[in-house]
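In: no FASTA, just this:
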Ligand SMILES: [Zn+2]
Ligand SMILES: [Zn+2]
């Protein structure tokens, strides 16, 4: 087979870029740093949203929508943030055909406006906890953009909650971390993640604790796939989120915030993709089984359509490719690129023997199967390959993680993977030193 | 019962505003003209999206996502549009901490950027039809904003499709009109709509035909709830969307576009709301049955929770209110305001007799029902009241629509409702005259 992508071992960033273009997942937008998410990419994002949203609602949060535009003055409330965001902000100075009296900022996050409204909506302890989530686009100007990983505009969900006690806020930040994010990333995306605390240096501005979920990508590097923050009473004090307690006193609430974004699409690609293209775990795949007509022949197209229907009736998300005016080899390469978990190839020769060929994207096995057994074979393959992708990612992580005792060894190990090192051997000073060498402490 | 809202007959716009505030559907955002969609309002929008999205996908379109920011130069491509939009545009002049070389516009629609990418993606007749849809926020600066109806930022879906022939484009614009929009508005929202063509004067800039769906609101006025446009080859010529035909020639594609927005939330409120609050048709209601504990008593809370579970098991979307520390009367007024289709009230006296009270928001009937019959009674009420709301809206429309023969009579009739008048009695000149008197020709 001709080489379709730059091999990962040769140039991982180039492989990533090639794959996104050739699998038609996304394009660069006309304004630098923005992206167009094409149907094949967006369909995965829609399924990510649906799976996450189920879990977010099960955790008791409700969705709402806050405005894209934020008055500049709001950002000044939270001094730490303005400093953090200012170079990242997109500022609207003209609207309605004239210059605005006060410029407005395109939200880099909705936390300030949500804080403002939480303060209005929370009155008594009966209004707590207030559990809000939003699915939206946000803008942070990027000087070195990379599709899905760092884009000037991205799609995300941001949760913001207010509680009557520190214990309740902490429990909720951890509930989201484990029951929503970890459950989704491991169980659906098949990405084993390290879950833990960030160091003080890496903590979110204003947070008293930042929890992170870190996945290992195919090049041995870490990608942060989600974060959940305890904000103590810092945020409530900045936004005056107070409530009357049962005892009658006025108290500041305890808040949390948590988020995941279209960066997860980048994580999915880099955790599971191989030199032939994307590999999509069956549970998240918009198309789980792809029925392909190899070439025309008596009853071939009809048999393929019947298999498509039988798979659909069995609850499989299924696609059909009967474009026999395009060479089969080209279509097969394309199917590999797009990462459909299972292909069912139907051709005249196989069919004459009562068979179709089941091809598994993970592992690559090609097996002739009696037409009557295709559905059960596909169902079993989807189940097995969900696990296989997870296990392969876990094996990679294990093979590229070493336990060391000193900072020097850890920095050396980070060149090709991860290092597990006692925090007592690092400390804040060691962390600063490692940062200077391009190595970060990801998770405590 | 104390008056909760300004009565509709007294001041319809005021009633609308009161209802949105008291049912906690939305708030005004901090930047003029923007809105915060609160959980009770957003839950309805989410269900609108889900129902519409199913139908859009069944019609063959795929979702994608295009950037929020559009280079100013793109808008100049389509001269008609720049003139149309210029005073509505929000312009970003600063990003990344400095002034931008070319200002970017916050999308008032994505059609220009989608046109640009369609031109890249369409090559041969095999790439057609290209059927794209996007769910996104858009910005059009509003000087006289009204929540849900006219806001500077709103949420919508915009479909854009390219076809190989005029006939195919026309058939698709009509398919969306009928199979997606009309089916949803009538069948799910229970709003009878007039479906037809706009006059040349009211047509979308660049369109060769604009189809509209018009609903009558509680004040007898019309609200446009969706549009579908045939754009001929105008748009393809502006954006160079060409394809190689089977015969080998290079042709311009034929395109369509179509959209609906959060304005539908305003339509839902104004079509079905009454002086006690919102009435949500059961098929769209996030909470279809609301189980309320009237007051504490032996086994009352347990019985209510059991009914909640039984209803949920029967597939009903159900809420439970056991906040017995708040007066029941206040909670009942609130439930009316929020428009839950059916309430199941559980109190000690009823329960001692083995009963609960089923209260229907539409019609207002309160019926004691044996606890064992609650589920079947609720299911029947939901079915019946979906129809009842539709029929009530249809009866209103019929009673406030008159058939007249002249323009003068039509203008007079429009003061209190709609007039059906032969186009031959109006014509372009008559339409201009009517417009001068605040009357528009809505639908041919
Ligand atoms: Zn903060
Ligand atoms: Zn146009």
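Out: That came in fine, so what should we check first? Keep in mind the model is a prediction, meaning the values are calculated, not measured. Residues are numbered from 1 along each chain as shown, chains lettered A, B, ... in the order given. Ligands and ions are numbered 1, 2, ... in the order given.
In: For the most centrally placed residue in chain A, list the residues it contacts.
Out: Nearest to the geometric centre of chain A sits residue A:264, at 1.7 Å (Cα atoms, centre = their mean). Taking Cβ atoms under 8 Å, 6 or more residues apart in numbering or on different chains as the contact definition, residue A:264 lies against A:48, A:185, A:189, A:225, A:226. Backbone N, C-alpha and C define where each C-beta goes, glycine included.
In: try residue A:20
Out: Contact partners of residue A:20, counting by Cβ under 8 Å, 6+ apart, are A:26, A:41, A:147, A:148, A:269.
In: Repeat the analysis, applying 6 Å as the threshold.
Out: Residue A:20 sits next to A:26, A:147 when contact means Cβ atoms under 6 Å, 6 or more residues apart in numbering or on different chains.
In: Can you read off the pLDDT for it?
Out: As predicted, residue A:20 sits at a pLDDT of 98.
In: any idea which element it lies in?
Out: helix A:12-22 (DSSP states H and E).
In: do the same with residue A:428
Out: For residue A:428, the host element (DSSP H and E) is helix A:427-436.
In: Show me the contact partners of that helix.
Out: Applying Cβ under 6 Å, 6+ apart, the contact partners of helix A:427-436 are A:199, A:201, A:407, A:411, A:441.
In: Please pick the buried ones from these.
Out: A:199, A:407, A:411, A:441 (16 or more other Cβ atoms under 10 Å in any protein chain shown).
In: is it true that residue A:275 touches residue A:10?
Out: No: if you go by Cβ atoms under 6 Å, residue A:275 and residue A:10 don't touch, sitting 9.3 Å apart.
In: Then residue A:389 would be within a helix, right?
Out: Yes: under DSSP: H, G, I helix; E, B strand; the rest coil, residue A:389 falls within a helix.
In: The nearest residue to it once chain neighbours are set aside and chain B, how far apart?
Out: Sequence neighbours aside, residue A:190 is the residue nearest to residue A:389 in space, at 4.5 Å (criterion: Cβ to Cβ, 6 or more residues apart in numbering or on different chains). Separation of residue A:190 from chain B (Cβ to the nearest Cβ, to the nearest Å) stands at 24 Å.
In: related to what we said a few turns ago, so which of the contacts of residue A:264 are in helices?
Out: Judged by DSSP state H, these include A:48, A:185 as members of helices.
In: Now the contacts of residue A:264 in CSV, please, with extra columns for neighbour count and pLDDT.
Out: Below are those laid out as CSV (neighbours: other Cβ atoms under 10 Å in any protein chain shown; pLDDT from 0 to 100):
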residue, neighbour count, pLDDT
A:48, 22, 98
A:185, 24, 98
A:189, 27, 98
A:225, 24, 98
A:226, 28, 97
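In: returning to that earlier point: in TSV, list the buried ones among the contacts of helix A:427-436 along with secondary structure, pLDDT and distance to chain B.
Out: Listed next are the buried ones among the contacts of helix A:427-436 as TSV, based on DSSP: H, G, I helix; E, B strand; the rest coil; pLDDT from 0 to 100; distance: Cβ to the nearest Cβ, whole Å:
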residue	secondary structure	pLDDT	distance to chain B
A:199	coil	89	27
A:407	helix	89	35
A:411	helix	90	32
A:441	coil	88	28
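In: Return the member of those residues nearest to residue B:233.
Out: residue A:441 (59.1 Å; Cβ to Cβ).
In: Surely that closest one touches residue A:200?
Out: No: between residue A:441 and residue A:200 there is no contact under Cβ under 6 Å: 10.2 Å.
In: can you count the residues close to the residue of chain A found nearest ligand 2?
Out: Relative to ligand 2, the nearest point of chain A is residue A:30 (17.2 Å; Cβ to the ion). Residue A:30: 19 surrounding residues under other Cβ atoms under 10 Å in any protein chain shown.
In: For it, what are phi and psi?
Out: When read as degrees, to the nearest 10, the backbone of residue A:30 gives phi -70, psi -30.
In: returning to what we had before: what comes up buried for the helix holding residue A:428?
Out: Going by neighbour count (16+ other Cβ under 10 Å), the buried part of helix A:427-436 is A:430, A:431, A:434.
In: And the nearest residue to residue A:199 once chain neighbours are set aside, how far from residue A:421?
Out: Excluding its sequence neighbours, the residue lying closest to residue A:199 (Cβ to Cβ, 6+ apart) is residue A:441, at 5.1 Å. Separation of residue A:441 from residue A:421 (Cβ to Cβ, to the nearest Å): 9 Å.
In: How about residue A:203?
Out: Residue A:203 sits at a distance of 19 Å from residue A:421 (criterion: Cβ to Cβ).
In: These two - which one has more neighbours?
Out: Shown here are residue A:203 and residue A:421; by other Cβ under 10 Å, residue A:421 has more neighbours (23 against 16).
In: Excluding residues flanking it in the chain, which one is nearest that one?
Out: Nearest residue to residue A:421, sequence neighbours excluded (Cβ to Cβ, 6+ apart): residue A:410, at 4.3 Å.
In: next structured bit after whatever helix or strand that neighbour lives in?
Out: Per DSSP H and E, residue A:410 falls inside helix A:407-413. Toward the C-terminal end, the helix or strand that comes next after helix A:407-413 (DSSP H and E) is strand A:418-420.
In: who's in contact with that following strand?
Out: A:401, A:402, A:403, A:404, A:410, A:413.
In: Neighbouring strands of that strand in the sheet, and parallel or not?
Out: Taking DSSP bridges as the criterion, strand A:418-420 forms sheet pairs with strand A:401-403 (parallel).
In: ok, and what's touching the partner strand?
Out: If you take Cβ under 6 Å, 6+ apart as the criterion, strand A:401-403 is touched by A:413, A:417, A:418, A:419, A:420.
In: One more: stretch A:321-331?
Out: A:292, A:293, A:294, A:295, A:296, A:301.
In: Can you give me every residue that contacts the third one?
Out: This points to residue A:294. Here residue A:294 is in contact with A:328, A:345, A:347 (Cβ under 6 Å, 6+ apart).
In: Could you list the low-confidence segments of the stretch 51-200 of chain A?
Out: For the stretch 51-200 of chain A, the stretches with pLDDT under 70 are A:77-85.
In: All the strands of the stretch 101-250 of chain A, residue numbers only.
Out: Along the stretch 101-250 of chain A, the stretches classed as strands by DSSP state E, counting those that start in this stretch are A:130-139, A:153-163, A:193-197, A:209-216, A:222-230, A:242-244, A:250-252.
In: Redo those strands as CSV? Include distance to ligand 2.
Out: As requested, these are exported to CSV (distance: least, Cβ to the ion, whole Å):
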stretch, distance to ligand 2
strand A:130-139, 23
strand A:153-163, 23
strand A:193-197, 46
strand A:209-216, 43
strand A:222-230, 40
strand A:242-244, 50
strand A:250-252, 51
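In: for the helix holding residue A:428, what is the average pLDDT?
Out: Throughout helix A:427-436, pLDDT has a mean value of 89.
In: same deal with stretch A:363-377?
Out: pLDDT averaged over stretch A:363-377 gives 97.
In: Between the two ends of that stretch, how far is it?
Out: End-to-end distance for stretch A:363-377: 15 Å, by Cα to Cα, to the nearest Å.
In: what comes up buried for it?
Out: For stretch A:363-377, by 16+ other Cβ under 10 Å, it's A:369, A:371, A:374, A:375, A:377.
In: re earlier: packing partners of the helix or strand just after the helix holding residue A:20?
Out: Counting by DSSP H and E, the element after helix A:12-22 in chain order, helix or strand, is strand A:26-28. In terms of contacts (3 or more Cβ pairs under 6 Å, 6 or more residues apart in numbering or on different chains; DSSP states H and E), strand A:26-28 is packed against strand A:35-37.
In: What subset of the contacts of stretch A:321-331 is buried?
Out: Neighbour counting by 16+ other Cβ under 10 Å classes A:292, A:293, A:294 among these as buried.
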